[in-house]
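Asks: Coordinates only, no sequence provided:
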Ligand SMILES: Cc1cc2nc3c(=O)[nH]c(=O)nc-3n(C[C@H](O)[C@H](O)[C@H](O)COP(=O)(O)O)c2cc1C
């Protein structure tokens with residue numbers, strides 16, 4: 001079958017990268033969570049993470065002001081809560097309470113970790129030069145937590161319009177990699 005032209009507006013659906021995460025922030029005693037799928041690794045160590053956060057989101061204001069957040073990686077059981085955090089604003093509701101998520105204290109940043117997520121990354125904003133142009137924050141992961149009981153995390157990958165692919169099969173090709 002011949003290929004058809006794909007509208008440019010749909011390109012992100014092919015390339016949207018690895019797992020949907022929950023970004024948690026805190027400022028002046030209030031906490032917030034938002035869903036985020038537009039992120040990319042930029043360096044191995046110290047780990048650097050590029051994140052696109054819309055200026056319309058409450059998280060944008062909190063992150064710009066506090067310069068700290070946690071990036072929490074949920075598995076498929078949390079899918080409905082993730083979508084909830086991605087469709088409501090922390091300006092109006094307390095998302096930890098509304099979605100029954102647990103805020104646990106971080107070691108190095110004031111933003112809380114989302115306990116139910118199998119991995120939590122404590123992050124600081126290390127470069128905000130691209131925020132004005134692209135809404136892109138560069139985060140450094142300063143502390144990382146992982147649940148050793150979760151051997152094969154079934155992470156969520158957004159394919160657009162509320163469709164998610166759940167990570168499944170594992171291919172081990174280590175011997176073929178440089
Ligand atoms: C699966 C999913 C992925 C999302 N990815 C992003 C993203 O990468 N960047 C972004 O700015 N918003 C993203 N959003 C939208 C925000 O999560 C949404 O605007 C949220 O309501 C912001 O909350 P806040 O105002 O409390 O910060 C995503 C939403 C969903 C459901």
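Replies: That came through fine. Bear in mind the structure is a predicted one, so any value in this text is a computation, not a measurement.

Asks: how near is the residue nearest to residue 136 when sequence neighbours are not counted to the ligand?
Replies: Nearest non-adjacent residue to residue 136, counting by Cβ to Cβ, 6 or more residues apart in numbering: residue 130, 4.1 Å away. Every residue, glycine included, has its C-beta placed from N, CA and C. Plainly put, residue 130 is 14 Å away from the ligand if you go by Cβ to the nearest ligand atom, to the nearest Å.

Asks: now residue 115
Replies: Relative to the ligand, residue 115 is positioned 19 Å away (Cβ to the nearest ligand atom).

Asks: correct me, but that residue touches residue 103?
Replies: Yes. Taking contacts as Cβ atoms under 8 Å, residue 115 lies within contact range of residue 103: 7.4 Å.

Asks: Residue 79 against residue 156, yeah?
Replies: Yes. Checked against Cβ under 8 Å, the pair residue 79 and residue 156 is within contact range at 5.8 Å.

Asks: any common contacting residues for those two?
Replies: residue 164 (Cβ atoms under 8 Å, 6 or more residues apart in numbering).

Asks: Name the residue in the two with the higher neighbour count.
Replies: Shown here are residue 79 and residue 156; by other Cβ atoms under 10 Å, residue 156 has more neighbours (25 against 15).

Asks: Which residues outside the helix or strand where that one lies are in contact with it?
Replies: According to DSSP states H and E, residue 156 maps onto strand 156-158. Identification of contacts with strand 156-158 by Cβ under 8 Å, 6+ apart yields 16, 18-20, 37, 74-76, 78-79, 82, 164-167.
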